[in-house]
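Provided below for reference: sequence and predicted model.
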Amino acid sequence: MSTATKVPETYELTGDDARETLRRVGARRLLADAWMRLRVSDGFSHARSLAYTIGLVLVQAIIGVIGLITALGSADAHGTIVRTVRAAVPGPAGEMLTTAVRQAHLAGSSGQYAGLIFGVVGSLITGATLMGQTERALNRLYGVESDRPTVEKYRLALLLALSAGLLGGIAFAALAFGRDVGRSIDSSTLDTTWSVLRWPVGIALMTAAMALILKWSPRRHQPAWSWLAFASAISVLLWCAVTAGLGLFFDVSTSFGTTYGPLAGIVALLLWAFLSATALLFGAAIAAQLESVRAGKPEPQDEEKVEESEPSSEHAAVPVHA
């Protein structure tokens, strides 16, 4: 049960209000209170659910899309995608996903379309499920105890999977495919320009995807886009730090693969997905806490909810003596 303070709706707020509130409360206090809001809203349980779904979406989408690309005649595409996955997903997790790419390539080249179509359709369904779980996590961060009705919830979830998910996919391609795209350009000037621009472009698109989720996913009227930009940028920067940090750890570590053996890829993928989901939810908690402070409710935890969740003394268990 979430005991986070319900954030009053102040949807007329702008980016200037966000900067003024941040200066007033201070970055250190805001980050500490946002972490508390994440914890009391059961954010880590939601992050675990999101991690499982993120891993499932990645595997389904890679197998389905790569297999269909191969079946349609682009047999050389899988080599580029293997390099992309290794660049974007660190360590053994990337190795496991590249194995999925090779399997999809074999299925596509041999005309096994049923499983590939299942992967594409399954990734859409799982993507909608991911966005539905994201709505639940964000609602609890904002102190909203009930989600939208089922049909409305998953209709919006599918739209977000196709919109924010597409932006995230393009950002993923810019950051991971970018080097190979640049090498395919004949002009050295354009190659150099693209190698520099792909980073801000990819980060900007990922930030836009996160802002889109923050704007429409919670069951409440959200403030202006400029208000959400700060939290979206924090989420994406934390996600980049998580990915880079895990990549460095897996490169340096000599015992991880030996310790986990054939399970190393699964463990690494789920660890990366969990830390990524936590980073994204923490950015959302910053947005919620910043708006809560601006609305005059700076405490991240609602004490009345805490008291309601505690068992009443009238119903406490009475010890039985022999």
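Looks like it came in fine. Numbers count the residues shown, from 1 in each chain.

Report the contact partners of Ala137.
41, 43, 46-47, 49-50, 281, 284 (Cβ atoms under 8 Å, 6 or more residues apart in numbering). Where C-beta positions appear, they are placed from N, C-alpha and C, glycine not excepted.

tell me which of those is nearest to Cys240?
Taking Cβ to Cβ as the measure, Cys240 lies nearest Leu281 of those, at 15.7 Å.

Distance check, that closest one against Leu141.
7 Å (Cβ to Cβ, to the nearest Å).

Over to Phe274?
17 Å.

neighbour-wise, which of these two wins?
Neighbours were counted for Phe274 and for Leu141 using other Cβ atoms under 10 Å; Leu141 has more, 29 against 20.

That one against Leu38, yeah?
Yes - counting by Cβ atoms under 8 Å, Leu141 does reach Leu38; the two are 6.9 Å apart.

in the protein, which helix has the most residues?
Taking DSSP state H as the assignment, the helix of the chain that covers the most residues is helix 264-294.

Going along the chain, name the helices of the stretch 51-200 of the chain.
Using DSSP state H, counting those that start in this stretch, the helices found in the stretch 51-200 of the chain span residues 77-88, 91-109, 113-141, 150-176, 178-183, 188-216.

Out of those, point me to the one whose mean pLDDT is lowest.
Looking at those, the lowest mean pLDDT belongs to helix 178-183 (a mean of 52).

what sits up against stretch 153-170?
Contacts of stretch 153-170 (Cβ under 8 Å, 6+ apart): 124, 127-132, 134-135, 147-148, 205-206, 208-210, 212-213, 216-217.

then it to CSV, C-alphas only?
Extracted C-alpha coordinates of stretch 153-170, given in CSV (Å, rounded to 0.1, in the frame of the first residue of the first chain):
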residue,chain,number,x,y,z
LYS,A,153,-6.1,2.2,-19.0
TYR,A,154,-4.9,-0.3,-21.6
ARG,A,155,-6.1,1.8,-24.6
LEU,A,156,-3.9,4.6,-23.3
ALA,A,157,-1.1,2.1,-22.5
LEU,A,158,-1.1,0.9,-26.1
LEU,A,159,-1.0,4.4,-27.4
LEU,A,160,1.9,5.2,-25.1
ALA,A,161,3.7,2.0,-26.2
LEU,A,162,3.4,3.1,-29.8
SER,A,163,4.3,6.8,-29.2
ALA,A,164,6.7,7.0,-26.2
GLY,A,165,8.0,3.5,-27.1
LEU,A,166,8.7,4.6,-30.7
LEU,A,167,10.6,7.7,-29.5
GLY,A,168,12.6,5.5,-27.1
GLY,A,169,13.3,3.1,-29.9
ILE,A,170,14.6,5.9,-32.2
